[in-house]
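>>> Structure for this input, please:
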Amino acid sequence: MDKFDDNDLVSLFKRCAYNVVMSAGCNVTSN
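A predicted model of the protein is given here:
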């Protein structure tokens, strides 16, 4: 259960970080 929660948390963090990076990249490119 703990392992599942850790993996789920890591996946969520990676997805969030990926979205932030992509958003920042788009903003820099458009500007």
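>>> What is the burial count for F13?
F13 has 10 neighbours, counted by other C-beta atoms under 10 Å. Bear in mind the C-beta positions are built from the backbone N, C-alpha and C, glycine included.
>>> where does this protein dip in pLDDT?
Under the criterion pLDDT under 70, the flagged ranges of the chain are 1-4, 30-31.
>>> which SSE is N7 in?
Per DSSP states H and E: N7 is located in helix 2-30.
>>> got the buried residues for that helix?
Within helix 2-30, no residue counts as buried by 16 or more other C-beta atoms under 10 Å.
>>> Could you shift the numbering so residue one becomes 18, and keep it that way?
Sure, I'll start numbering at 18, so the last one becomes helix 19-47.
>>> Figure out how far that helix is from the centre of its chain.
0 Å (C-alpha atoms, centre = their mean, to the nearest Å).
>>> helices and strands around it, which ones?
Applying 3 or more C-beta pairs under 8 Å, 6 or more residues apart in numbering; DSSP states H and E, one finds that helix 19-47 contacts no other helix or strand.
>>> where's S28 relative to V37, distance?
15 Å (C-beta to C-beta, to the nearest Å).
>>> Please apply the same query to F30.
Plainly put, F30 is 10 Å away from V37 if you go by C-beta to C-beta.
>>> Repeat that for N24.
N24 is 20 Å from V37, where distance means C-beta to C-beta.
>>> go on, V45?
Separation of V45 from V37 (C-beta to C-beta): 12 Å.
>>> swap in D23?
Separation of D23 from V37 (C-beta to C-beta): 21 Å.
>>> do L29 as well
13 Å.
>>> Sweet, I'm off.
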